[in-house]
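K.L.:
Prediction below, plus the sequence it came from.
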Amino acid sequence: MDDIKFADGIYFKEPHQNAPDFVKGKLSIQKQKLMAWLEGMDAGEEGYINLDIKVAKSGKCYIAVDTWKPSNQQQHQKPQLTPQQQEQMDTRIDQDPIIDDDVPF
């Protein structure tokens, strides 16, 4: 397992006990620290730095850099269907047309 890379200058806090159910947490940003940390990070081809909110064994939440990268095989590999599975998919598409009344909007 790789070493955890913490996001410096951005912190996750769990909601206070009186918060409504739709509040899942709070992010706090220390601007100077975060800006310096971001300058030193490689944003990848698309310009993103992905972060995960995780729970430590102690129960405390933290933010870590998502360092997972797909292998070349995973990036280009499409799931292979057997001829029987493909036939079933084709049959379902033919038998279950979308009717405008079925769309909820």
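P.N.:
Thanks, I have the structure now.

K.L.:
sec struct for E87, please.
P.N.:
What DSSP: H, G, I helix; E, B strand; the rest coil gives for E87 is helix.

K.L.:
Tell me how many other residues surround it.
P.N.:
E87 has 11 neighbouring residues, counting by other Cβ atoms under 10 Å. Bear in mind the C-beta positions are built from the backbone N, C-alpha and C, glycine included.

K.L.:
And for D66?
P.N.:
13.

K.L.:
which non-adjacent residue is nearest it?
P.N.:
Leaving aside its chain neighbours, D66 sits nearest to N50 (3.9 Å; criterion: Cβ to Cβ, 6 or more residues apart in numbering).

K.L.:
Can you tell me how far that neighbour is from N18?
P.N.:
32 Å (Cβ to Cβ, to the nearest Å).

K.L.:
which of the two has more neighbours?
P.N.:
With neighbours defined as other Cβ under 10 Å, N50 and N18 compare such that N50 has more, 11 against 6.

K.L.:
where does the more buried one fall, phi/psi-wise?
P.N.:
phi -90, psi 140 (degrees, to the nearest 10).

K.L.:
I'd assumed K69 was in contact with it.
P.N.:
No. Applying Cβ atoms under 8 Å as the test, N50 and K69 come out as separate, 10.3 Å apart.
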